[in-house]
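A.B. asks: sequence plus predicted model, see below.
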Amino acid sequence: MRHSWTLDRERDEEDPQKKLKYPRSVFFIVVNEFCERFSYYGMRTILSLYLNKALGFPEDTATVLYHVFIMLCYFTPILGAIVADTFLGKYKTILYVSILYAVGNVVLSVGAIPNTEWIGAPVEDAYGVPQTVVSLIGLFIIAVGTGGIKPCVAAFGGDQFIRPQQDRQLETFFSIFYFSINAGSLLSTVVTPILRDEVECAGVETCYPLAFGVPAILFAVALAVFLIGSSSYTKTPPSSHNVIAQSTSCITHAISRKFKAKKGEKKRDHWLDYADDKYDTSLIQDLKGVLTIVLLYLPMPFFWALFDQQGSRWTFQATRMDGNLGGGVAIKPDQMQVVNPLLILLFVPIFEAFFYPLFNKIGVLHRPLQKMVFGGTLAGVAFVVSGLVELQLEPTYAKIPPTNSLQLNIYNTLDCNLTINFNNTQYEVPRLSALPLDDSSEYFKNGVYDLVATSMNCPDLVNDTLMKTLNMTQYPSASLLFSYSSDSQGFDALDLAEIELEKSDNANPRIRILYDLATESNGENVTFMIGGFEWTGLPDQGSTESMDRLSPGSYEIKYSIGGGDPVLIRSEEFLTGAVYEVVVASDNPGKPFMLVQELTKPNSVSILLLIPQYVLITMGEVMFSPIGLQFSFTQAPESMKSLIQGLWQLTVAFGNLIVIIIAEAKIFPKQSDEFFLFAGLMFVDMIILAILAWRYKYKETPDSSNKEKKKSISDSSDSESIGDEGREQDTGM
């Protein structure tokens, strides 16, 4: 017995003039997509910082791992497409793979918990598996899960419509579908950075487990919503034959016959026609359509190579900018990604209601491929803008010495000038001041150096000369502190203390304290307090670890000896993104001297300067991504719609592979040059796409195809054979 929806659908198809209602099942799919995209983009928004900050990967490595993950997310759709079109159908594929997806979310959330018990063992050593491996396993499972459903959801939504009567509604669906993607992305992009940065959990100042856990919960909601709508879906059965295997066999057979063809034998119009002795004409025609679409896909990965850098290179770019907007309002670096979905929600209805009708009226950009070429060009312009912004940022970046070299900061906390002789050079360091040797001409080659320091007219000093050996082979940057010895009869120099010059990932100021309070600590621990945070150091003298949890602002700096009452030194302002070394020393108990040295310049360029590049790439996305989805669905043969959707997702994977190759190649020392390279490649790429688009013949679906569609539904055989008899028109682009 056939379901009632099948009978209703047949009656609708028999009357092409009938006004068909918007299928209610679509709304379950749209809500499901909203929740799933919240989960995916919420996790992805903080992923590059998680890899860099929590797992300790360098920025370049974090960028590569981020794009490897994205690449896997878009390579696996081809597997999901094969399963959907050949074995399970779209509905069951979405359902089963979603369960795997949910498991991956849980593994990642649990793997992000530091220093806690997990199945009876610490996460960083769960049954011998370190935290990094647990996290990467979770990411791999998520990549398989999200990739497995990607080619099915949009195509499954398209299956709910009757064509060609509902073609206009279908076009609106893809816009609504894309709108829901970005609504979920918008909300998660705001929420997860807040959970990451402003919630403390598991004894750590950041809360990645919660930031990953909330998206995991939303995915469970997505799965529940999808199941609720089950009874209302149009569930197209999978093909009765293995589409991939049959297609591959047909192609190889055609190639073999073409090369074996004898001279004088009748030539075919297309090389695939050589397979007509063994395979149906319908399959050959479908494959011609698929190969034509695949040829168009070849230039498209470059768009995604640019677009997906919003979550990596552009996020790291934002960490080096000033997010303070005034009035206590600040934008976190990873929150800048919210601009893209916010603009999508704004641009999609504007383009649908105004620009696209206008384009159709005046006869420009009215074909899908024309829009995609223009959208890709806008993405290239966006990277020109990002390169120009990067040029403005470069003067504020940390000066990192080259390999086998060392940059040295010398601090003199004595009440007299010092003359220092080493490396065949004499340096004069004024009283109570710093001498940063941070120019490239002043870097020292790694090695062991003998130093002689002489105090000049220092009162009350019995010993005015100090000899010391410096081992300058351990660090790329270090500090050397001269202060009074504990008996105040002479002076001493602390052992070299390493400096971290790079800006923090969260754009907060980075602060390290270097101190010598031997004259008053009497062997007791020294505790420093700044803005509610405390560092407890060794007795007498030493240095604290760098800290980047303080928001930019002015803070009182205090210290205490052995847990005693805090002593206020003074207030100091710390700016966004700057790196500071705070030097504290004293020869008079209760009256320490403090010197604040700025090692790396603050972020002085406003983060709002990134908005133009986000506007440009989002306009490009609106004209590229949803249009590409629609183009892929409408131009694909009926038996291969999920396959074509999988191949479309594959262009994203190859785009991220391009980023990985260029990032690993390290072609340019400056990030701005890399941005300009991507822009140039994009412009060339869009010229190629424009040429291919100009030669493409669009397939249109005639009303008569409904008879084939009716037959396929009632027989429960292959998916609706829309377009098998579709006519082709030479329409240029």
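C.D. replies: It's in. Numbers count the residues shown, from 1 in each chain.

A.B. asks: buried residues of the helix or strand encompassing Leu283, list them for me.
C.D. replies: For Leu283, the element it lies in under DSSP states H and E is helix 281-297. For helix 281-297, a neighbour-count test (16 or more other CB atoms under 10 Å) marks 283-290, 292-293, 296-297 as buried. The way it works is simple: take the backbone N, C-alpha and C, and place the C-beta from them, glycine included.

A.B. asks: helices and strands around that helix, which ones?
C.D. replies: Applying 3 or more CB pairs under 8 Å, 6 or more residues apart in numbering; DSSP states H and E, one finds that helix 281-297 contacts helix 243-260, helix 625-635, helix 641-665, helix 671-695.

A.B. asks: could you identify the longest helix within the protein?
C.D. replies: Assignment by DSSP state H gives helix 167-198 as the longest helix of the chain.

A.B. asks: residue closest to the middle of this protein?
C.D. replies: Gly311 (2.4 Å; CA atoms, centre = their mean).

A.B. asks: please tell me how far it sits from Val153.
C.D. replies: Going from Gly311 to Val153 by CB to CB, to the nearest Å gives 21 Å.

A.B. asks: and Leu481, by the same measure?
C.D. replies: Note on Leu481: its distance to Val153, by CB to CB, is 61 Å.

A.B. asks: neighbour count winner among these two?
C.D. replies: Using other CB atoms under 10 Å as the criterion, Leu481 and Val153 rank with Leu481 on top: 27 against 23.

A.B. asks: what's the more buried one sitting at in phi/psi?
C.D. replies: For Leu481, the backbone dihedrals (degrees, to the nearest 10) come out as phi -110, psi 120.

A.B. asks: and it, what is it in contact with?
C.D. replies: Contacts for Leu481 (CB atoms under 8 Å, 6 or more residues apart in numbering) come out as 411, 413, 493-494, 497, 514, 516, 541, 583, 585.

A.B. asks: swap in Leu65?
C.D. replies: Applying CB under 8 Å, 6+ apart, we find Leu65 in contact with 51, 57.

A.B. asks: recalculate using a threshold of 10 Å.
C.D. replies: Taking CB atoms under 10 Å, 6 or more residues apart in numbering, we find Leu65 in contact with 47-48, 51-52, 55, 57, 136, 139, 312, 660.

A.B. asks: next one: phi and psi at it?
C.D. replies: Backbone geometry at Leu65, expressed as degrees, to the nearest 10, gives phi -60, psi -40.

A.B. asks: so how far is Met71 from it?
C.D. replies: Distance from Leu65 to Met71, by CB to CB: 10 Å.

A.B. asks: which neighbours do those two share?
C.D. replies: Listed as contacting both Leu65 and Met71 by CB under 10 Å, 6+ apart are Ile660.

A.B. asks: so which of the helices and strands packed on helix 281-297 comes closest to Met619?
C.D. replies: With CB to CB as the measure, helix 625-635 is the member of the helices and strands packed on helix 281-297 nearest Met619 (11.5 Å).

A.B. asks: now the closest one and helix 641-665, what's the angle there?
C.D. replies: Going by axes from the mean of the first three to the mean of the last three CA atoms, to 10 degrees, helix 625-635 is angled at 140 degrees with respect to helix 641-665.

A.B. asks: count of neighbours near Asn446?
C.D. replies: Using other CB under 10 Å, Asn446 has 15 other residues around it.

A.B. asks: and if you look at the one 5 residues further on?
C.D. replies: The tally of other residues near Leu451 (other CB under 10 Å) stands at 17.

A.B. asks: which SS class is it?
C.D. replies: Classification of Leu451 using DSSP: H, G, I helix; E, B strand; the rest coil returns strand.

A.B. asks: hmm, it is touching Asn471, no?
C.D. replies: No - the pair Leu451 / Asn471 is not scored as a contact, 11.2 Å apart, by CB atoms under 10 Å.

A.B. asks: quick check: the residue nearest to the centre of the chain vs Lys601, distance?
C.D. replies: Between Gly311 and Lys601 the computed distance is 26 Å (CB to CB).

A.B. asks: same question, Phe533
C.D. replies: Using CB to CB, we find Phe533 at a distance of 23 Å from Lys601.

A.B. asks: ditto for Gly323
C.D. replies: Distance from Gly323 to Lys601, counting by CB to CB: 16 Å.

A.B. asks: looking at these two, which is more packed in?
C.D. replies: A direct count of neighbours by other CB under 10 Å for Gly323 and Lys601 places Gly323 higher, at 24 against 16.

A.B. asks: where does the more buried one fall, phi/psi-wise?
C.D. replies: Dihedral angles for Gly323 - degrees, to the nearest 10 - are phi -90, psi 0.

A.B. asks: contact partners for it?
C.D. replies: Residues counted as contacts of Gly323 (CB under 10 Å, 6+ apart) are 329-333, 335-336, 506-508, 551-552, 576-577, 603, 606-608.

A.B. asks: now the angle from the helix or strand hosting Ala102 to helix 641-665?
C.D. replies: Using DSSP H and E, the secondary-structure element containing Ala102 is helix 89-111. Interaxial angle, helix 89-111 versus helix 641-665 (the same axes, to 10 degrees): 30 degrees.

A.B. asks: show me the shaky parts of the chain.
C.D. replies: For the chain, applying pLDDT under 70 flags the ranges 1-19, 115-129, 202-203, 240-241, 264, 440-441, 487-488, 587-590, 642, 700-733.

A.B. asks: just list whatever residues bridge to Ile561.
C.D. replies: Residues in a beta bridge with Ile561, per DSSP bridges, are Val526.

A.B. asks: check contacts around it.
C.D. replies: Applying CB under 10 Å, 6+ apart, we find Ile561 in contact with 517, 520-527, 539, 567, 589-590.

A.B. asks: which residues of the stretch 1-150 of the chain fall in helices?
C.D. replies: Using DSSP state H, counting those that start in this stretch, the helices of the stretch 1-150 of the chain run over 4-14, 25-49, 59-75, 77-83, 89-111, 131-158.

A.B. asks: distance to Glu390 added to those, as JSON lines?
C.D. replies: Listed next are the helices of the stretch 1-150 of the chain as JSON lines, based on distance: least, CB to CB, whole Å:
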{"stretch": "helix 4-14", "distance to Glu390": "55"}
{"stretch": "helix 25-49", "distance to Glu390": "17"}
{"stretch": "helix 59-75", "distance to Glu390": "14"}
{"stretch": "helix 77-83", "distance to Glu390": "33"}
{"stretch": "helix 89-111", "distance to Glu390": "31"}
{"stretch": "helix 131-158", "distance to Glu390": "28"}
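
A.B. asks: now do the SS call for Ser604.
C.D. replies: Under three-state DSSP, Ser604 comes out as coil.

A.B. asks: pretty sure it sits against Asp322.
C.D. replies: Yes - using CB under 10 Å, Ser604 makes contact with Asp322 at a distance of 6.2 Å.

A.B. asks: give me the common contacts of these two.
C.D. replies: Counting by CB under 10 Å, 6+ apart, the residues touching both Ser604 and Asp322 are 396, 575-577.

A.B. asks: who wins for neighbours among the residues you listed?
C.D. replies: Result: Gly577 is most packed of the shared contacts of Ser604 and Asp322 (other CB under 10 Å), 29 neighbours.
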